[in-house]
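**Student:** can you look at this prediction? I've put the sequence above it.
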Amino acid sequence: MQCVRSAVALLISMSGAIAFASAPGVAPDNDFRKELRKKYEGKLLLLSVPSSFDVVHFDVHGSPTRPPGGEPWTTAGLVRADKVDVQNGQVIIDGRREVVALAAKASVKKPTPVTTERTVHVSIDLPRERTDPAFRHEFLARILSIEEVGHRIEGAWRPDADLSKGSGAGAAFPPDGKVGTLYGDRIVYAWESGVVSKPKAIYKPGPQYAAGALVKNVSGTIRVRVIVNEKGFPEIMEIVEHLHEGLDANALSAVSQWRFAPALRDGVATASVVVVELKFHLAKRQSRGG
């Protein structure tokens, strides 16, 4: 009996020791969570692999679990992190999509990020073989970038002509049709020049009405200039006819999800520019693209 009591006492003692030893293991996750929130919350993040899905998941190798669709980072790779958490071996980021648009600043229109109300949920599986914070931060830095976002946005578009001068065939553009360059030295042509064909929208989901616009009975048309890349994705946008009250951002969010048959130059797909319209009809509380 004494042997049994001794064994039980030893087991209890060992269990207590194990529990005591494992308890501090919770603290590193709490500390890591605090570090992540300080580093990422409220910041504009650039995903290593752009995705148009509203739910995005990266595995322990840092790869997206859904195959990339070729979307540009300017409309599918930017996330404004509203909330960051660590749960069950995952980093969870809830935020809103941002898109790159041309905004007037002084006399020069420069690429700038615009926050939309389209939410996105990003989850990242943390590798389990190592849990030290330094390794985890290094791993996350391969998926989420903060430092290079500003530089990337600044170089997203280099204009060679005033796009506002284009309004149909025969508009005032350079003879070679070149109006600018996208990130990666990809030339953009004006279809009005006759050098390339006109890109055509083949999928155009409509935007959502903004609450403020409903309250103020705002309706009308928003016109958006879209730089459509060689794959038919909107890459850079610009509001050329506004409605404000949250509708401009909603229009950009919608057009970022449009798909086009790209312009062709000598039978080869290339980037071009087109202006599209989105009509907001208050009576029916609906909107559509055209």
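**Tutor:** Nice, I can see it. Remember, predicted model here, so these are calculated numbers, not experimental data.
**Student:** next, the nearest residue to residue 130 once chain neighbours are set aside: secondary structure please.
**Tutor:** Nearest in space to residue 130, with sequence neighbours left out and distances taken as CB to CB, 6 or more residues apart in numbering, is residue 136 at 7.7 Å. Heads up, the C-betas are built off the backbone N, CA and C, glycines and all. Three-state call for residue 136 (DSSP: H, G, I helix; E, B strand; the rest coil): helix.
**Student:** burial of residue 136, as a residue count?
**Tutor:** 20 (other CB atoms under 10 Å).
**Student:** hmm, it is touching residue 32, no?
**Tutor:** Yes. If you go by CB atoms under 8 Å, residue 136 and residue 32 touch, sitting 6.5 Å apart.
**Student:** the strand or helix carrying residue 123 - what's its average pLDDT?
**Tutor:** Using DSSP states H and E, residue 123 falls within strand 108-125. Averaging pLDDT along strand 108-125 gives 93.
**Student:** just the buried positions in it, please.
**Tutor:** Buried residues in strand 108-125, counted by 16 or more other CB atoms under 10 Å: 109, 111-116, 118, 120, 122-125.
**Student:** contacting residues for residue 113?
**Tutor:** 44, 78, 98, 99, 100, 101, 149, 153 (CB atoms under 8 Å, 6 or more residues apart in numbering).
**Student:** kindly recompute the last result at 10 Å.
**Tutor:** Contacts for residue 113 (CB atoms under 10 Å, 6 or more residues apart in numbering) come out as 44, 74, 78, 80, 98-101, 103, 149-150, 153, 156.
**Student:** care to break the protein down by domain?
**Tutor:** Domain ranges of the chain: 26-154, 158-289, per automatic domain parsing.
**Student:** most packed of those domains?
**Tutor:** Mean neighbour count, computed with mean count of other CB atoms under 10 Å, is highest for domain 158-289 among the domains of the chain, reaching a mean of 18.
**Student:** what mean pLDDT does it get?
**Tutor:** 86.
**Student:** what helix or strand is residue 102 on?
**Tutor:** Using DSSP H and E, residue 102 falls in strand 90-105.
**Student:** now do that strand against strand 108-125, angle only.
**Tutor:** Orientation check (axes from the mean of the first three to the mean of the last three CA atoms, to 10 degrees): strand 90-105 against strand 108-125 gives 180 degrees.
**Student:** how far out from the middle of the chain is strand 90-105?
**Tutor:** 5 Å (CA atoms, centre = their mean, to the nearest Å).
**Student:** using PDB, write out the CA atom coordinates for it.
**Tutor:** This file holds the C-alpha atoms of strand 90-105, laid out as PDB (Å, rounded to 0.1, in the frame of the first residue of the first chain):
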ATOM      1  CA  GLN A  90      -2.600  30.500 -37.200                       C
ATOM      2  CA  VAL A  91      -2.100  34.200 -37.700                       C
ATOM      3  CA  ILE A  92      -5.600  35.700 -38.400                       C
ATOM      4  CA  ILE A  93      -5.900  39.000 -40.200                       C
ATOM      5  CA  ASP A  94      -9.300  40.700 -40.700                       C
ATOM      6  CA  GLY A  95      -9.200  43.800 -42.900                       C
ATOM      7  CA  ARG A  96     -10.400  45.700 -45.900                       C
ATOM      8  CA  ARG A  97      -9.300  45.700 -49.500                       C
ATOM      9  CA  GLU A  98      -7.400  48.600 -50.800                       C
ATOM     10  CA  VAL A  99      -6.900  49.400 -54.500                       C
ATOM     11  CA  VAL A 100      -4.500  51.600 -56.300                       C
ATOM     12  CA  ALA A 101      -6.100  54.600 -58.000                       C
ATOM     13  CA  LEU A 102      -4.900  57.800 -59.600                       C
ATOM     14  CA  ALA A 103      -5.600  60.800 -57.400                       C
ATOM     15  CA  ALA A 104      -5.000  64.400 -58.200                       C
ATOM     16  CA  LYS A 105      -2.200  65.900 -56.100                       C
END
